Every structure is written in C-alpha cells, then in structure tokens.
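Novice: Generate coordinates for the sequence data below:
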Amino acid sequence: MTQHHHHFHRQKSERLVTTTPDTHVGSALADVKPRISPKLLEGLEIRKVSSNGAIAPRILTLSDDLFTLFVSHHKMGNKESLADRFHYRGFKAYATVVGKVMGQEKGSVLAKHHLRVIDVSDILFVQSGFVGSRKLEACREKNPTVNFREAISVFHNNVATTDFLVECEEDRRAVVDAIQIIREAYNSSQKHVGREELLLRYAWYDTDWNKSGLVDQGEFLQLLGRINIYLKREKATKIFKEFLAEKVPKKGGRLGHHAKQRHGITFDECLYILRHIQMQQNEGTRASDAIFEEVFGPKESVAAEDFLAKFLHQEQNETTATLDEVRKLLSELNGVEISGAVDRLDAEGKGDDESIDRLRFREFLMSSENDVYNPEKLKLDTSTLESPLSHYWINSSHNTYLTGDQLKSPSSVQAYAVALQRGCKCLELDCWDGDQGEPVVYHGYTLTSKIPFRGIITCVRGYLDANPDTFPIILSLENHCSHPYQEKMAEALNEQLGDLLYVPESHDHLPSPLELRGRVAIKGKRPPEKEDDETTAESMEDGQDMDSLFEDSLVEQIGDSVAGETPNARLPKIVPELARLTLFNGVKFKRFSTSVDLPLSDMHSFSETKVLKVLNEDTLPLWKEYNRDHMSRIYPAGGRIDSSNYNPVVAWSVGAQLVALNFQTDDSPMNLNDGRFLENGGCGYVHKPPSVLDKEFSSNRKMSLRIRVLSGSCLPKPYGESVGEVIDPYVVVRVHDVSDDESKSSSVVKRSESGWLNTTERKTNSVRDNGFSPQWNDSEVFEFRVNSEDVAMLELVVVDSDQGFIDDKMCKAAVPVSCLRRGYRTVQFYDHSSQHGAYGMARVLLHVDIKYIV
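Specialist: Next comes the predicted model:
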C-alpha cells in the first residue's frame with residue numbers, strides 16, 4: 001500500500017475533524033476541498049424543518065475530511081463529544097455501549113448538540129428552491145408565509161430527507177454546489193478502493209467511539225456485529241488480544257513507542273484481522289481462490305496473456321477481448337487500494353499491466369467490470385432513441401402522488417421527486433377542483449390527502465433544470481376538473497414549463513425520445529373531432545374497472561364523505577387551452593381491428609384485469625401490431641388497495657409502452673421494473689426488441705439458463721440498519737417469463753395471469769451468522785427454461801433467514817435475460833433502486849451458463 005494512504009487528519013482547527021481513514025476516496029475529497037465554501041467547514045447557520053413542519057435554528061457543518069454532513073444545535077468546534085453521538089437518533093441503539101464508555105447510566109447522558117449525521121455515500125440527490133418533500137409540505141401548512149425559494153432538501157438513505165432554509169442566496173448555492181461536488185468526487189473515486197475497505201470506511205464513524213483513530217477491543221466487538229460477522233465474545237477477544245500482543249511487544253519494538261497503540265488497531269490492521277476471520281469461517285478457502293486455482297493452477301499470480309486466454313476467452317466467453325484491453329484492466333486493478341495486497345504501482349503511480357495476483361483477482365470478480373448485467377447494455381446509446389415513442393418500453397408510474405395505500409395514505413410532491421430520480425418518465429396526476437381556486441391532485445373519492453397541481457409542475461421543472469439532457473417526461477393527466485380549473489391547469493403548465501412543454505402541431509405523428517429530449521409531453525384528453533356519443537374519457541379508467549368488491553369497501557370505509565358521488569360520474573369536456581397542449585389522447589377500446597386505424601396519438605388504457613380479458617392467441621399479434629404505432633398504458637387493478645403491483649412481464653411482451661406500477665411499493669414487480677430500465681443508461685426508454693415490435697417475427701429458440709450461487713460479500717442488514725443481529729443469508733433466484741404455447745393450450749388457463757406468466761423460483765440454503773463473506777459451497781445448479789429471452793427477467797433477492805419469524809429481504813437485483821453474461825459473474829444489489837451506503841458494496845458471485853435449444 002502506498003505510504004500516503006491511511007493517515008488521520010490531526011491539525012488544530014475550529015473545523016470539525018473526524019477520524020475517518022484517509023483512503024483514496026479521502027484523497028479525492030481533499031482535492032476538491034478548495035472548491036468548498038469555508039463557511040460550511042466552520043458551520044453555517046440554517047433553519048431546519050422537522051417532520052411536523054416546525055422550523056428551528058441549527059448549524060450545518062461539513063467535517064474537515066468532507067466525508068460527513070452534520071446538523072447540530074450549536075457550533076461544533078473541532079471535537080464532537082460522545083454525548084453528541086449518543087443523541088443522534090440513528091445510533092441510539094448504541095446507548096448501552098456509550099453509557100459504559102462514559103461511565104454513566106443510559107438516562108443520564110445530556111446532549112450538548114443533538115446531531116443529524118449523513119455520510120457522503122448515503123446522499124442520493126439534492127434539490128432546492130421549491131417545496132419538494134413531505135417535511136416542506138408540512139411546513140407550508142404551518143407557515144404559509146415562508147419563502148420556499150430558500151429551501152434545500154437533501155435526499156439520503158433511500159427516501160429520508162433533511163430539509164432546511166438558507167436565507168442568503170450565495171450560501172444556498174454554496175451548500176448545493178458542495179454536496180454535488182463531494183458526491184461526484186466520492187462516486188468517481190470509490191472504484192479505486194476495494195469494497196471491504198469502503199465498507200470499513202463507511203462503518204468507521206460508528207466504530208471509533210472515542211475518536212482516537214484506532215479501534216479498541218470494545219469497539220472491535222461492536223464492529224464485527226456492524227458488518228455482519230458473528231464470533232463468540234471470548235473467541236473475538238482472544239483474536240484481538242493475540243494480535244495486539246504480537247503487534248506491540250512489551251519492551252519497545254515495532255510500534256511500542258506509541259503507548260496508545262497498545263490499546264487499539266489501525267484501519268489496515270483491522271482489515272487484516274477481518275480477512276483472517278473470513279478465512280477461518282470459510283474453512284480456509286475462498287470461492288475466488290478455488291476459481292483461480294481451477295483456471296490457472298496453484299500460483300500466486302498470473303500473466304496478462306493467461307488471464308486473457310484461460311479466463312476471459314474460455315471461462316467468460318468474452319471472445320472479442322484483446323491483450324491491450326486486458327493490460328488496461330490489469331493496470332486499473334493493480335492501482336486499486338486493497339489493504340494487505342502487494343503494492344503494484346510503478347514510479348508514476350500507474351498499476352502493473354503484466355500480471356494479477358489472487359487478492360486483486362478476487363476484487364475483479366466482485367467488481368462492476370465483471371457485472372452479470374452486460375456493461376454495454378448499461379451504457380446510453382442515443383442511436384437507439386430515434387424511433388417514434390411507440391417503439392419503446394417507457395418507465396411509468398401509477399398514481400405517482402401516493403406515498404402508501406390507495407385509500408388513506410398521504411399524497412406528496414416528494415413521491416414525484418423520488419420517481420423522477422428513479423428514472424420514471426411517465427408520471428400520473430389525478431386532477432380535481434381545489435378549495436382555494438387552484439386544481440389539486442389526489443385519489444378521488446378516498447381519504448388520501450390533496451396537493452397543489454402547480455407544486456407538482458414546479459417539481460418537474462426543478463428536475464428538468466437540474467437534468468436538462470433528460471429524455472421526455474410524460475405527464476398522464478386524469479382530469480376531473482371543471483372548466484375554470486382546467487384553464488388554471490393549462491396556465492400552470494405554460495407558466496412553469498414554458499418552451500420545455502411540447503405542443504403538438506399534428507396528431508398523426510409521434511416524435512422520438514431524442515426529438516423531445518429535455519421536454520415534457522402531455523397525455524390526457526382532446527375533444528372528439530366530431531360530436532361522438534362514445535365515451536372517450538380515459539379519465540374514468542379506474543372507475544370503470546374497479547370491481548364491485550372494491551366499490552363496496554370504499555363506501556364502507558369512507559362513509560358519508562363520498563355520499564352522492566360515484567367514480568362513474570360523467571366527466572367534463574376538455575377546454576381548448578388544455579386540449580391544445582395534449583399529445584396523447586385517451587380513447588375507449590373496442591377492438592384492435594378498428595384501433596389500428598385511429599390517429600397515431602390516440603391511445604388506450606387497460607387495467608391489469610382487462611389485459612387478461614383482452615389477451616388471447618388471436619388478439620396477441622393484433623395487439624403487438626397496434627402497439628407498433630400506437631400507445632397502450634397498463635395500470636394496477638382497482639382492488640389493489642394496498643398499492644401492490646402486478647408482474648409487468650406479460651404487458652411488456654405484448655408491446656405495451658406505459659406499464660405503470662406503484663413506485664412507493666418495494667415489491668418484486670418494482671424490482672423487475674428497476675432492472676429493466678437500468679438498460680440504456682437508465683434513461684427510461686428501452687427500444688422494444690424485434691420479437692415484440694414485429695408481429696411477423698417468430699422464433700422457436702428456447703434457452704436453458706443454468707445458475708449456481710457461489711458466495712456473497714459485504715451484505716447489509718435489513719433496511720441497511722447499523723445495529724441488529726448478524727444475518728443468516730440465503731439467495732432466492734427467480735426467472736419471470738411468458739409461458740409457451742403448451743402451457744396456454746387450455747381456454748380456462750388463458751384467462752388467468754398464470755396462463756400467460758411463467759415464474760420459476762429456486763433458493764439456496766442459508767449460511768449462519770455471516771453476511772460479510774458467506775459461501776454457498778454445496779449450492780446446486782438451478783436450471784431454468786426460458787421461452788422468450790427478449791422479455792424474461794432474472795431476479796435475485798438476498799434474504800435473512802429468521803427462525804420462527806418472517807424472513808427479511810435485505811437487498812435485491814433484477815437483470816433482463818437478454819442482458820446476461822456467461823461465466824463467473826457478480827451481481828450488484830440495491831435498496832429500492834438505489835445503492836446508498838452499505839448497499840453500494842453488496843455483491844453475490846454466480847456462475848452463469850446459457851445454452852440454446854432449437
């Protein structure tokens with residue numbers, strides 16, 4: 001390891017100094033420090049907004065190493081006390097430990113500063129200048145005169161927010177710029193550091209309680225649980241003491257002149273012990289070593305030529321890889337900072353490009369370069385975005401405003417902010433007349449709360465300003481407003497979006513995603529060309545398809561609040577001001593033979609139950625043909641009061657573009673959606689394959705997909721918690737596919753989802769008490785038959801086996817079968833759709849084999 005890496009900042013300063021190890025990431029952050037406003041390092045006065053909307057003065061401080069953002073009651077100076085740490089709510093579970101360290105009982109610890117602590121790797125995005133979170137909405141209710149142009153919302157740890165007001169515009173800009181600069185530096189530099197190093201760096205703040213820069217015995221025992229290693233206390237203590245005794249001889253010696261070194265271990269030494277424990281727990285052999293020896297024999301390192309021929313060409317099926325590419329890869333790998341690995345840098349700091357050793361081979365196996373998701377498919381390819389919008393699967397949300405169930409959960413503009421960041425490109429707004437003369441959005445005839453229509457459009461504008469190159473955002477308007485309120489809607493769209501709003505000149509042309517880049521298109525209603533008694537109100541879709549059971553339950557639960565109103569009430573015609581802005585015009589479906597002749601901008605919406613009524617062997621090619629030039633939107637059945645989701649695979653297979661899901665629900669269908677839309681740079685538009693786009697296309701080619709789960713690394717606790725039991729992980733492997741003709745031959749089966757959908761599930765055994773480096777050595781080969789490789793999805797979920805209780809899902813991933821790579825491959829895992837904090841390091845190693853059956 002190079003000398004400048006793990007030292008600790010110790011300068012005297014009024015700035016807050018933490019003891020986070022200065023890995024390569026720390027060096028990258030140090031490089032951008034001159035661009036950070038000194039005010040943030042010394043403490044900036046802000047007004048923090050709490051979850052009930054109350055405003056209170058606070059101090060926002062960036063730690064001197066830029067790894068941590070603190071929000072405290074008072075200026076923190078250069079030292080942060082144990083009492084501060086204890087009162088940070090994320091660490092309250094450490095109460096007993098802190099009490100012991102401070103020699104006080106749990107209840108007697110008094111806080112000088114109550115802290116909010118956010119690690120740089122937990123920050124997802126930041127937005128400013130408008131009400132874009134639930135806390136700011138609560139604040140607006142309580143304090144309507146607040147100037148929300150002063151607002152900043154930091155989104156972190158999946159969907160938590162820290163919200164505050166900064167009066168001075170220059171300071172506000174400084175905060176937003178600093179967070180973005182730090183995030184960019186962290187994200188671009190973390191690839192130069194090993195994942196176990198990153199995980200320990202992430203856990204260090206919770207571990208080094210006494211701020212010494214060293215981990216003592218008590219802290220070490222806490223750390224083991226924190227990163228999911230279980231050892232009996234006596235055994236862990238013995239390992240720690242033996243290492244200390246060896247490290248610090250009684251009479252001077254290597255480190256003996258530092259008295260405090262007798263009581264603690266450094267970051268590098270900590271990793272050394274962790275890897276020693278790892279080998280013991282895995283009975284002296286790592287999965288990566290077994291692969292290395294199987295491919296290369298019992299060597300310690302292997303030359304570039306052998307790595308190319310024996311591994312990339314033979315094992316990984318990367319037959320086009322060249323020696324130049326391998327040398328570039330090896331140079332990068334040998335530059336990665338791995339504690340305990342031989343330093344393989346030349347005089348200019350470049351990595352050796354001629355060979356690779358076992359430790360770095362292991363790092364490569366678990367790296368993004370070896371991802372099971374083909375990296376070429378993850379890249380944005382703008383040349384695929386030049387076809388009409390109807391040629392794409394488009395990332396779409398249902399009732400986007402809801403944060404929970406369909407009946408009584410709060411509506412929030414925060415749901416739009418999160419959906420947009422997640423890559424959603426079709427947002428739904430259910431629009432109604434409001435009490436204050438402005439249209440509102442909520443789930444009509446229910447107890448869900450109401451939010452201003454204008455506030456949502458402001459949020460969309462904020463996203464476009466921050467992401468000007470984004471591909472088109474479609475606003476799906478379900479319009480229940482009277483004419484004056486419709487005029488207000490048109491006014492808000494024009495005022496807020498201006499030139500970014502696409503106004504169609506013709507209704508017989510669908511533009512491409514590339515043509516509409518950075519713009520917003522409207523889906524809604526236009527008046528019929530000629531007076532037509534047919535109901536064209538797609539706005540009634542939810543009402544028409546709600547089964548009677550759901551309607552009964554609505555009446556029971558809501559009672560008098562909807563007396564005299566029914567979801568099927570006749571809707572008002574659309575005013576010209578709004579109709580003029582509308583690209584997609586919802587019309588009622590009768591039959592595909594007439595639908596194919598409709599204007600190209602006319603489209604249909606189907607509930608998931610309607611899909612199964614409409615879909616049969618005869619209509620399948622007709623629906624695909626319709627979906628080549630026209631749009632279809634699919635949405636969840638009205639009976640899904642809990643906001644659960646349907647499986648999107650069948651809808652994708654017929655070529656439906658807008659397959660809308662409840663983004664607030666963390667379930668398997670949303671996992672599939674996230675995995676599907678990682679493709680093409682996560683831009684939200686994936687070109688439909690020929691088998692879906694072309695009704696004439698036919699292929700009898702089936703696939704045999706064989707998967708073996710080998711090992712895991714750096715797996716998090718459920719919900720990314722820092723405390724709790726050490727996990728007992730197992731892996732669930734599923735393939736979601738459309739059924740072949742044999743399984744759909746019965747007319748009874750055709751009408752059920754199971755007749756069209758074919759989901760196969762397999763599970764590994766669980767590994768006891770090890771989330772740091774579990775191995776499934778006896779794992780069998782899971783074989784799946786794939787009928788349609790173009791639409792089928794592979795899903796992997798890591799679950800904590802909980803004896804006698806419900807097993808907790810910890811992290812998940814999904815990959816289109818068409819994007820899989822053969823060989824020994826790693827899976828990157830997610831929490832919802834993000835990789836914040838501990839999730840960024842979580843991996844599972846697989847062996848993937850693909851054979852085609854004609």
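Novice: got the contact list for the nearest residue to residue 58 once chain neighbours are set aside?
Specialist: Take residue 58 and drop its neighbours on the chain: the residue closest to it by C-beta to C-beta, 6 or more residues apart in numbering is residue 48, 4.2 Å away. Every residue, glycine included, has its C-beta placed from N, CA and C. The neighbourhood of residue 48, defined by C-beta atoms under 8 Å, 6 or more residues apart in numbering, consists of 55-58, 71, 116, 162-164.
Novice: I figured residue 30 hits residue 67, correct?
Specialist: No. Judged on C-beta atoms under 8 Å, residue 30 makes no contact with residue 67 at a distance of 10.6 Å.
Novice: re the thing from before, so can I have TSV of the contacts of residue 48 showing neighbour count?
Specialist: Shown next, in TSV, are the contacts of residue 48 (neighbours: other C-beta atoms under 10 Å):
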residue	neighbour count
55	17
56	11
57	11
58	23
71	20
116	19
162	22
163	27
164	25
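Novice: Would you reformat those residues as JSON lines and include pLDDT and secondary structure?
Specialist: Putting those into JSON lines (pLDDT from 0 to 100; DSSP: H, G, I helix; E, B strand; the rest coil) gives the following:
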{"residue": "55", "pLDDT": "97", "secondary structure": "strand"}
{"residue": "56", "pLDDT": "96", "secondary structure": "strand"}
{"residue": "57", "pLDDT": "96", "secondary structure": "strand"}
{"residue": "58", "pLDDT": "96", "secondary structure": "strand"}
{"residue": "71", "pLDDT": "93", "secondary structure": "strand"}
{"residue": "116", "pLDDT": "83", "secondary structure": "strand"}
{"residue": "162", "pLDDT": "96", "secondary structure": "strand"}
{"residue": "163", "pLDDT": "97", "secondary structure": "strand"}
{"residue": "164", "pLDDT": "98", "secondary structure": "strand"}
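Novice: neighbour count winner among residue 30 and residue 67?
Specialist: More crowded of residue 30 and residue 67, by other C-beta atoms under 10 Å: residue 67, with 24 against 15.
Novice: ok, how many other residues are close to the closest residue to residue 773 other than its chain neighbours?
Specialist: Ranked by C-beta to C-beta, 6+ apart and with sequence neighbours excluded, the top spatial neighbour of residue 773 is residue 278, at 4.7 Å. For residue 278, the count of nearby residues is 17 (other C-beta under 10 Å).
Novice: and what of the one 10 residues further on?
Specialist: Other residues near residue 288 come to 21 when the count uses other C-beta under 10 Å.
Novice: What helix or strand is it located in?
Specialist: helix 287-296 (DSSP states H and E).
Novice: and that helix, which residues are buried?
Specialist: Buried residues in helix 287-296, counted by 16 or more other C-beta atoms under 10 Å: 287-289, 291-292, 295-296.
Novice: what about it, distance to the chain center?
Specialist: 32 Å (C-alpha atoms, centre = their mean, to the nearest Å).
Novice: Give me the helices and strands touching whichever helix or strand comes after that helix, please.
Specialist: Downstream of helix 287-296, the first helix or strand assigned by DSSP H and E is strand 301-303. With contacts defined as 3 or more C-beta pairs under 8 Å, 6 or more residues apart in numbering; DSSP states H and E, strand 301-303 has these neighbours: strand 355-357.
Novice: How far off centre is the strand it packs on?
Specialist: Distance, stretch centre to chain centre, for strand 355-357: 33 Å (C-alpha atoms, centre = their mean).
Novice: Name the SS class of the residue nearest to residue 58, please.
Specialist: For residue 48, the assignment made with DSSP: H, G, I helix; E, B strand; the rest coil gives strand.
Novice: Across the sheet, point out what pairs with it.
Specialist: Per DSSP bridges, the residues bridged to residue 48 are residue 56, residue 164.
Novice: Ramachandran angles for residue 812?
Specialist: phi -150, psi 170 (degrees, to the nearest 10).
Novice: isn't it right next to residue 794, touching?
Specialist: No. With contact defined as C-beta under 8 Å, residue 812 does not reach residue 794; the gap is 11.6 Å.
Novice: Quick check: neighbours shared by the two?
Specialist: If you check residue 812 and residue 794 against C-beta under 8 Å, 6+ apart, no residue is contacted by both.
Novice: tell me the mean pLDDT over the helix holding residue 288?
Specialist: Average pLDDT, helix 287-296: 95.
Novice: contact partners of it?
Specialist: Under C-beta under 8 Å, 6+ apart, the answer for helix 287-296 is 299, 302, 306, 310-311, 314-315, 358, 361-362, 365-366, 710-711, 775, 777, 824, 845.
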